[in-house]
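Q: How does the following fold in three dimensions:
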Amino acid sequence: MMFFTPVLLSLMLGACADGTLPGNDSDSSEGQPTTDPTPEPDSPKAAISLENIPDGIENVRITAFDGDAGTYLDVTLDAENSSKTVEVAEIAENSGMELGYTVFSDDAESVRRSMRVEGYVKSGDEVSIVLDMHEDARFSTLTCSIGDRSTVSEAFVNVTRSGSAYEGTNPRYDVYVDDGPFLKALNVRKALVTNGVHNETVWNDWTNQHKLRDTMSYVNVTAAFDGPEEIIVKRNDSDIADFDIRPAASVSSMARFGNDIVRFSLGGGDILPKVSVEFDGDRYHNLFIYGAKTDPDRDRYKNDPNTVFYGRGNHTPGLISLKDGQTLYVDDGAIVYGRVEITGSNISIRGRGVITGSSLPHYGSLYAEGPKLVITTGKELHTDIVIEGVTFVDSPNWTLCLSDIKGLTVKNVNIITHINNADGIDLQNCFDCEVSDCFIRTYDDNVSWKITTQYGGCLNDCYDIDMHDCLLWCDHARNIMVGPEAGQQGQVERSIHDCTFSDCTILESFGTSMSVQQDESSGYSAMPIRNITFRNIVLDDVLSSCMPVKVRQNGLMDPVCEMSGIHFMNITVNTLGGFKQSLVEDCGNSMSDILFENVSVNGTKMTGPGELMRVSGSVSPVFR
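A: The predicted structure follows:
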């Protein structure tokens with residue numbers, strides 16, 4: 001083997017002394033192939049920013065998790081440092097990420113809100129994440145863009161952790177009110193109702209075997225209501241194309257936020273706000289909102305030994321019997337499964353909670369035979385009965401069956417029922433009564449004033465009853481009914497007289513809206529009905545083809561059977577589904593002083609018999 005010295009080896013290779021090859025300068029690349037080094041790929045970056053940050057917000061934490069549930073990013077921003085750019089990892093196709101945020105105020109923390117972001121993130125991409133807080137800690141819009149390929153944006157309400165317990169418990173709606181800087185969710189309950197389209201099929205379907213009943217929702221909002229209270233409603237099962245709130249007079253500042261949230265203000269006047277919220281023309285899965293002022297006497301009743309008190313939660317007492325001087329108090333947030341019997345005087349049912357008959361038997365043949373939800377018992381005169389603030393749902397029969405009462409107050413009561421004979425309020429032989437600020441939706445009559453011996457001693461005439469400022473919704477029968485049980489000549493010598501219905505709004509009416517009727521009973525003629533006044537009643541765009549007014553004596557009765565002083569004044573009927581002719585008919589009996597003053601149907605004033613009104617018999621109503 002031969003060895004060469006380095007110098008000799010250089011000479012043999014023809015190298016220059018400086019080590020370069022001949023003909024090549026050390027700073028020249030002439031004649032040499034060149035290749036640029038491959039640059040390192042840029043990592044994706046996420047630019048995150050807060051906009052329109054309201055006062056009182058300490059910071060906002062924005063987090064994202066990739067398809068493998070790993071933490072993709074975790075950034076905290078505040079008013080002083082409202083934007084940041086960070087390197088992030090790539091996300092494979094069909095993986096996407098879950099992006100969300102949590103807001104921290106000086107003394108509260110919101111529930112984390114999040115949305116799904118589909119798509120992939122590759123090297124060189126810039127991901128833009130913007131949280132717009134609209135200068136209001138209760139609302140935010142989160143937007144995420146991945147390069148120029150995709151953008152996702154969603155609106156959210158911000159809810160305190162302590163106020164989130166009821167979120168998502170109703171499949172259709174969440175309802176929120178203020179809770180410090182954020183919101184809290186209220187308990188939105190469900191109630192079975194009847195779509196009037198199915199009236200004939202469900203007449204005596206006591207247990208909903210046909211599955212043709214609908215489920216509406218309702219919520220109690222207890223607040224000061226010294227001024228307008230803002231309500232936020234989120235639709236859980238679909239986006240919102242349109243919405244309607246009736247009656248509109250109770251509402252102000254309506255607005256939509258995002259695709260599935262509406263916000264509006266209720267109240268501020270003398271009348272407590274009660275409204276029906278309806279989305280995209282669907283009235284039969286609507287949302288009732290019941291406003292109620294906080295009860296200043298709650299603690300007094302709670303500590304009273306004569307009070308039967310049910311606090312927040314579910315209770316199953318079955319039958320509750322109230323005696324002289326007792327109060328049943330159903331607190332806000334309480335649900336009482338059972339029924340109530342009233343025996344005696346100076347008795348009240350109060351609170352802001354719910355009494356439901358859903359656990360009671362619902363049965364019957366042609367008519368309902370189940371128990372009444374609230375009933376007076378015995379054949380004595382009851383005095384000073386108060387029913388105030390409570391919501392009654394799902395009665396198997398008449399809801400409030402009240403007889404032989406002197407001095408009755410029914411105020412700010414809500415009623416929802418769904419079966420035949422489940423009337424709202426039935427007053428028999430009662431006098432000196434006031435019914436006000438109530439919201440009643442029933443399949444059968446909303447209210448009915450009667451003379452009958454069926455549930456009491458029939459001790460008095462039915463008279464001096466003032467009903468005002470109520471909202472009514474009837475899915476089958478009558479909204480307001482006077483009679484037809486009107487006593488019996490020679491047998492039950494009692495009559496109905498001097499009753500007023502005023503300043504009420506009818507939201508739906510599938511049968512007759514306002515009816516005064518006399519029927520014979522067991523072959524005996526009815527007793528007189530006198531001085532019944534309907535004033536300032538509005539039918540608010542009812543969908544069904546209802547009969548606005550019926551004044552009728554059914555069948556030929558004793559010549560002394562009399563109906564007189566029946567007055568309709570300032571009645572406005574607006575329907576979306578047409579209407580049936582109103583009717584005045586005496587059937588050969590005595591009927592006089594029937595007045596229609598300033599009554600209009602779909603913009604046309606009622607001026608006499610014709611398209612709007614049919615008159616039958618010898619009666620001559622006055623129109624003016």
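
Q: since we're on the nearest residue to Y310 once chain neighbours are set aside, how many residues are nearby?
A: Sequence neighbours aside, A334 is the residue nearest to Y310 in space, at 4.6 Å (criterion: C-beta to C-beta, 6 or more residues apart in numbering). For glycine as for every other residue, the C-beta is placed from the backbone atoms N, C-alpha and C. When counting by other C-beta atoms under 10 Å, one arrives at 20 neighbours for A334.

Q: A334 and H315 touch, don't they?
A: Yes - applying C-beta atoms under 8 Å as the test, A334 and H315 come out as touching, 6.5 Å apart.

Q: Please enumerate the helices of this structure.
A: 6-13, 298-302 (DSSP state H).

Q: rank those by pLDDT, which is bottom?
A: Lowest mean pLDDT within the helices of the chain: helix 6-13, a mean of 35.

Q: ok, now which ones touch T442?
A: 399, 415-417, 422-424, 473-475, 477 (C-beta atoms under 8 Å, 6 or more residues apart in numbering).

Q: Let's see stretch 418-438 as PDB, backbone CA atoms only.
A: The C-alpha coordinates for stretch 418-438 follow below in PDB (Å, rounded to 0.1, in the frame of the first residue of the first chain):
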ATOM      1  CA  HIS A 418    -106.500  20.400  28.100                       C
ATOM      2  CA  ILE A 419    -109.600  18.100  28.500                       C
ATOM      3  CA  ASN A 420    -113.400  18.400  28.100                       C
ATOM      4  CA  ASN A 421    -115.100  20.000  31.200                       C
ATOM      5  CA  ALA A 422    -111.800  21.300  32.600                       C
ATOM      6  CA  ASP A 423    -113.200  24.800  32.800                       C
ATOM      7  CA  GLY A 424    -111.100  27.600  34.300                       C
ATOM      8  CA  ILE A 425    -113.300  29.400  36.800                       C
ATOM      9  CA  ASP A 426    -116.900  28.400  37.600                       C
ATOM     10  CA  LEU A 427    -118.800  30.600  40.000                       C
ATOM     11  CA  GLN A 428    -122.100  29.300  41.200                       C
ATOM     12  CA  ASN A 429    -124.400  31.500  43.300                       C
ATOM     13  CA  CYS A 430    -121.600  33.800  44.300                       C
ATOM     14  CA  PHE A 431    -121.800  37.500  44.900                       C
ATOM     15  CA  ASP A 432    -119.500  40.500  45.700                       C
ATOM     16  CA  CYS A 433    -116.700  39.000  43.600                       C
ATOM     17  CA  GLU A 434    -113.700  40.300  41.700                       C
ATOM     18  CA  VAL A 435    -111.700  38.300  39.100                       C
ATOM     19  CA  SER A 436    -108.700  40.200  37.800                       C
ATOM     20  CA  ASP A 437    -105.200  39.900  36.200                       C
ATOM     21  CA  CYS A 438    -105.700  36.200  35.300                       C
END
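
Q: just to revisit the earlier point, distance check, the residue nearest to Y310 against R300.
A: 17 Å (C-beta to C-beta, to the nearest Å).

Q: With D558 instead?
A: 53 Å.

Q: Between those two, which has more neighbouring residues?
A: D558 (16 against 12).

Q: quick one: that one from R246, how far?
A: Counting by C-beta to C-beta, the gap from D558 to R246 is 44 Å.

Q: next one: V538
A: Relative to R246, and taking C-beta to C-beta, V538 is found at 10 Å.
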